[in-house]
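Chemist: show me how the following folds:
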Amino acid sequence: MIKEYIPYIKKITDAYPDDPSFYDKIVKIPDIPDVERDIKQLNPRLYMAIEELAEKLKEDLREEEKVAEHEDERKTSPSLDPNLKVEILSILNGLEFAGFSEEAKRKAIERLSARIREVSAEKLTLENLLKLGLYAYAAELIKRNNFERAEELKKL
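Modeler: Residues are numbered from 1 along each chain as shown. Model prediction:
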């Protein structure tokens with residue numbers, strides 16, 4: 001990206017006069033020199049080179065802002081509803097209390113499947129997709145008898 005600016009910087013350095021009186025004039029300017037007010041009068045070529053660089057920077061910043069906005073939109077992920085986590089963990093803990101019986105597993109899968117149907121009927125949102133994924137994940141854990149992975153849910 002820096003390479004893109006080299007031609008602009010070269011134009012600025014080429015526009016600087018060899019005459020040392022130019023620097024004396026700049027030093028005599030009170031406060032910080034204003035490019036348009038002060039430099040334009042002293043050296044129009046230098047002013048134009050600075051303006052070209054400024055325009056390039058503005059353009060690039062606008063592009064970066066657009067990219068950042070889109071990245072922010074993509075990065076925004078739904079937060080995990082604590083009630084959802086409690087609901088799923090309750091189902092899994094209930095299985096443990098029932099001794100992981102086949103009947104308890106069947107009922108837990110039925111309950112999770114019912115929740116999946118309910119949420120599937122709602123509007124499609126990132127939050128609902130997260131819910132669907134967690135319900136399906138819990139159902140799959142039960143089907144595979146992989147209850148150790150339930151600990152991963154507790155960490156979410």
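Chemist: ok, now which residue in the protein is the farthest from the centroid?
Modeler: The outermost residue of the chain, judged against the average C-alpha position, is Ser21 (50.7 Å), by CA atoms, centre = their mean.
Chemist: show me the helices in the chain, by range?
Modeler: 6-15, 21-27, 40-42, 44-75, 82-97, 102-121, 126-143, 150-155 (DSSP state H).
Chemist: got the buried residues for the fourth one?
Modeler: Yep, that's helix 44-75 we're talking about. Leu46, Tyr47, Ala49, Ile50, Leu53 (16 or more other CB atoms under 10 Å). Using the backbone N, CA and C atoms, a C-beta is placed for each residue, glycine as well.
Chemist: what residues are up against the third one?
Modeler: Neighbour list for Ala49: Tyr8, Lys11, Ile12, Asp14, Ala15 [criterion: CB atoms under 8 Å, 6 or more residues apart in numbering].
Chemist: gap between it and Tyr5?
Modeler: Using CB to CB, to the nearest Å, one gets 12 Å for the distance from Ala49 to Tyr5.
Chemist: re earlier: which of the contacts of Ala49 lies closest to Lys107?
Modeler: Proximity of those to Lys107 (CB to CB) peaks at Tyr8, which lies at 70.4 Å.
Chemist: neighbours of the closest one, just the number please.
Modeler: 17 (other CB atoms under 10 Å).
Chemist: next one: it from Ile88, what distance?
Modeler: From Tyr8 across to Ile88, the span is 57 Å (CB to CB).
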